[in-house]
Structure formats: structure tokens, C-alpha cells
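# when you get a sec, could you give me coordinates for this:
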Amino acid sequence: MRKNILALLLGLSLSTFAQEQVSETFDDIRVVNGHSVETNKEGSKTFIIAHRFGMINGGLYELCGLDESNIRIGFDYGLTNRLTVGIGRSSFQKTVDGFVKFKVLSQKTEGGSPITLTWLSTSDYNTLKEPYGLVGISGKLRWSFSHQLLVAKKFGERLSIQVMPTFLHRNLTPTSEMDNDIFSIGSAGRVRLTQMLSFKAEYYFALPNQFPDANGKKSKYISRFYTCTSCHSPVKEDPIVSSFDPQVRLDYAEKNGLKFLQGSTFYGIANRESWYNDDYEKKYGDLVKPARNSLAESTQLCAKICSSGRYLEDWELEAILAYFWNNQLKIKDLKLSEKELKSIQDEENKREAISLLKSKFAVKPPATFGESPQRQDLGFEGITGDPINGKKVYELSCMSCHQDGGISGIAFTNSKLDFQKFKRSIGKKTDYNLYDIVRKGTYAGQGKPRYMPLYPKERMSDQQLEDLRAYIEQEAK
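Next up, the predicted model:
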């Protein structure tokens, strides 16, 4: 009997020894930015400063993506050898995140589990003041959640492969057409080159057909770089719809929590009779000819050229035009007198009524391209800047795009260093020259799809430019 027990114990011992746990499938709890199957040892603490860069095809202008760096600072802690938790904060959309990670299976040798299996759940909270340009977003809509099943196998001492089926849910999406739920499959690998050097890579593939078209299927982005509201407000922005006073609009934007943008509002756009007017021919040439007298053609020009995107399909164009027609001016916007209200209801004077209505709003919004001052060091002659008003311009115009999570790859801050950089750039050939960048903008090009649209004088006056300069110089001291 003793011999049998001894033989049984010996067999169990040999079996356990034969099925050794494979260690260091990856040498860290992350591959690059994504998680690996590894977890922290019990009681182990990890402090991480990670960088995520932009697209490599940005060329030398974007330094192959290095100019668009986002930083995440995080802290991870091993509750047990299998369970790790962590928190972090990223500069991208000023996101605060947390995660829970549990190792379900460990790869073993000689007949044990052939893979390592780990479950990961994360939550993220967007702390931007205006996520995707939206004002007054509730806390509930700022949350996103993801779940991943991390499956990895180590092949010898040099090669490790990992697959990551992923589910992401966002309570708020950049556009209403985008699904809140996204499914993707990630892959990652590590090749150990020496004891001290490894090559690691990861890639996530979003499953196709996750954006709806007219048939209930999915379509690709119109533009990967801009949305319609990147440059255009969807709401009323001029308290007097027959006037285009940029200072009145700036004060109205501040009062109502709006942005101060380059493009005219979509509110009442269908009531106009002409688009891409006046000096826009200087920028777009013959492209404005079909667009000038057609809202449909002007929408196509914006989608393809202005948005660095593609031409709209028929159903997409019809949907956008339907939105425009549903966003028309209201009678109350025209500020008619009692006498005028009665006159437009006269069935026998329709022509006069139409003429009266058109006199109350701009059917052809003007567009005058301004010039930089001849002596940029002195500014516009006879104009003194007001830094208080300039702060409004900076916050409602510049920072509407140039913030963490904004549509521009260049984020500004309220630091003295940024303001000093602007001040030094006045009069120089650089994108930080505020006179040239506002009046001339930049142009999209090969490897540089993002650009800065110019401000016509009706959208930002010379006085407001000097106000902006005064604010920058005040803050640069």
C-alpha cells in the first residue's frame, strides 16, 4: 500500500514538473500601447509614461507623425499574480482611464495549456470641455468601455504571437452616423533579437461595414480628417441675420457658448441664393463656378476639397440637403414689425412679400479675403488692439481646433511658452505667424491632408486680429 501511494505521489510530481508554466510570453504587461497577456506579480507596482504618435505618412512636415504625440501617464498594481488593476490619464481628449486584467490560463509545456489567455476590461472618461465640439455634454455621455480577450502563444525563446478580439462601446460618437459599438481584431508579436533587445509590433483592424448607408449597410467616412461642424456651426450665430458684423457674432458666441469659426453657419444656409461668393474664386478657381449657384454643388465641393475627403453619394447628398432645408431661418429671426407681418400675409402681394423677406437676411453672404499688414512688426495702421477682446478670439477661435482632442494635429495651451512662440513668429514665414495664418491659411497637400482654412474679413476683422495679437503679447510677458 505504501509503495502504491509513493508511486502515485511520484507520478503527480513528475506530471507537475513536466507541465512547467511558460514565462515571459511578453516581457511587459503591454506590447506597444496595447496590453499583452502578462499581469503584474502580486504587490508589484508599475509607473508608465507612454507616447503615441501620429500617422507616419505625414511626411517631414509632421516629422513622420512625431509632431502629433499624445502622452499617457499610468500606474498599475498587481493584486495577485493573476489580477492587475490600473489607472491613467492621457493627453488625447484629456482622458482618465482605468482597467481590470485577469489571467485565465497560462501556457504550459508538455500537454498543458497551449496558450495564455487573459481578459481585459477598461473604462475611459473624456474630460474635454467640449467633446467633438459639443457644448454641455453630460457626464454619462463622456464614458467609453472596452473588453478584450488576449490570446497569446510563445514559440521557443524568440517568437511570441498574440491575437486580441476587441469590443468598444462609446456613449458619445464624433458624428451621429457612427455606431456606438465597434468590433475589431488586434494582432501583436515580439521577436527577441538579443537578451537585451526585442522587436515588437501591434495592429488593430476594425471590422468592415460599421457605418450605415441608405440601404442599412455601412459606408466609409466622407473625410477622415474633418466633419461638417469642424468649420461650420449648425446653429444660429448672428443675432441680426441681415448683418455680418464679426464683433457682434463674437459677442454672441461668447454669450451662447459657441465657437468663432471660419465657415458660415448651416442655420439658414438653404435660404441663400449664392455660396462660395466673391473672393473664394481666388482660392478654388473654376471649382466655385458650379458651386456658386447650387447648394448641392457647394456641398460636394466642401466634402471633396475643403474636407480633404470624397464626393458624396446621391443618398448622402440628399440626406444633407434635407437637413439644410430643415434648418431654415424662422420668421422671428427676421425681426419684422407688426405692419410687415401683416403685409406678407396678403395673398395679392406675394412678389412684394418675397422681396420684403429677402431684404431681412443676406441671400449672398460676402467673402472678402484680407491681407496681412505691410509692416507686421507694427500691425495694422491706426488700429490699437484690445487684449480682453483678443482673449475671446483666442479661446473661441484658436482653441476651438487647437486643443487636445481637437481636429488639428497642433494643440495650443495657455502657457507662456506658446504665447512667446506666437510673438516671435510675427513677420516670419511660419505657421505660427498669426497674420498670415488667419488671412491666408494653409493648403492641403500630398501627405498633409489637414490644413488651416483662412478667415475672410467678415468672419474675423482686422481689429479682432490686432486684439488677438495684443492678448498674445500680454500673455507672453
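
# where does this protein dip in pLDDT?
1-19, 57-59, 61, 132-136, 175-178, 209-220, 405, 409, 444-449 (pLDDT under 70).

# show me the strands in it, by range?
Counting by DSSP state E, the chain has strands at residues 45-52, 70-78, 83-90, 95-105, 116-126, 143-155, 159-170, 181-192, 198-206.

# direction included, what does the last one pair against?
Here the strand partners of strand 198-206, with direction, are listed using DSSP bridges: strand 181-192 (antiparallel).

# and for Gly186, the neighbour number?
19 (other C-beta atoms under 10 Å). C-beta: built from backbone N, CA, C; applies to glycine.

# oh sorry, the question was meant for Asn414
So Asn414, with other C-beta under 10 Å, has 11 neighbours.

# thought it was touching Glu475?
Yes - the pair Asn414 / Glu475 is scored as a contact, 7.4 Å apart, by C-beta atoms under 8 Å.

# before we move on, back to that, format the strands of the chain as CSV; extra columns: distance to Arg224.
CSV is the format used below for these (distance: least, C-beta to C-beta, whole Å):
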stretch, distance to Arg224
strand 45-52, 17
strand 70-78, 17
strand 83-90, 21
strand 95-105, 20
strand 116-126, 20
strand 143-155, 20
strand 159-170, 17
strand 181-192, 15
strand 198-206, 12
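
# nearest to Ile437, of these?
Counting by C-beta to C-beta, Ile437 lies closest to strand 70-78 out of the strands of the chain; the figure is 23.3 Å.

# mind listing the helices for the stretch 251-400 of the chain?
Taking DSSP state H, counting those that start in this stretch, the helices of the stretch 251-400 of the chain run over residues 280-284, 288-292, 295-301, 314-325, 338-343, 350-358, 387-393, 399-401.

# most tightly surrounded among the ones you listed?
Stretch with highest mean neighbour count among the helices of the stretch 251-400 of the chain: helix 399-401 (a mean of 21; mean count of other C-beta atoms under 10 Å).

# what's the closest of the strands of the chain to Ser337?
strand 116-126 (46.8 Å).

# walk me through which strands the closest one pairs with, and which way each runs.
Taking DSSP bridges as the criterion, strand 116-126 sits next to strand 95-105 (antiparallel), strand 143-155 (antiparallel) in its sheet.

# contacts for it, please.
With C-beta atoms under 8 Å, 6 or more residues apart in numbering as the contact definition, strand 116-126 has outside contacts at 22, 25, 35, 37-39, 93-107, 139, 142-154, 172, 405.

# now do the contacts for Ala50.
Contacts for Ala50 were tallied using C-beta under 8 Å, 6+ apart; they are Arg30, Asn33, Ile71, Arg72, Ile73, Gly74.

# beta-bridge partners for it, please?
Beta-bridge pairing for Ala50 (DSSP bridges): Arg72.

# domain map for the protein?
21-206, 221-274+326-477 (automatic domain parsing).

# out of the ones you listed, the one nearest Ile305 is which?
domain 221-274+326-477 (8.1 Å).

# mind checking the end-to-end distance for that closest one?
Criterion C-alpha to C-alpha, to the nearest Å; first-to-last residue distance in domain 221-274+326-477 is 44 Å.

# what about it, distance to the chain center?
Domain 221-274+326-477 sits 20 Å away from the centroid of its parent chain (C-alpha atoms, centre = their mean, to the nearest Å).

# same deal with stretch 280-299?
For stretch 280-299, the distance to the chain centre is 27 Å (C-alpha atoms, centre = their mean).
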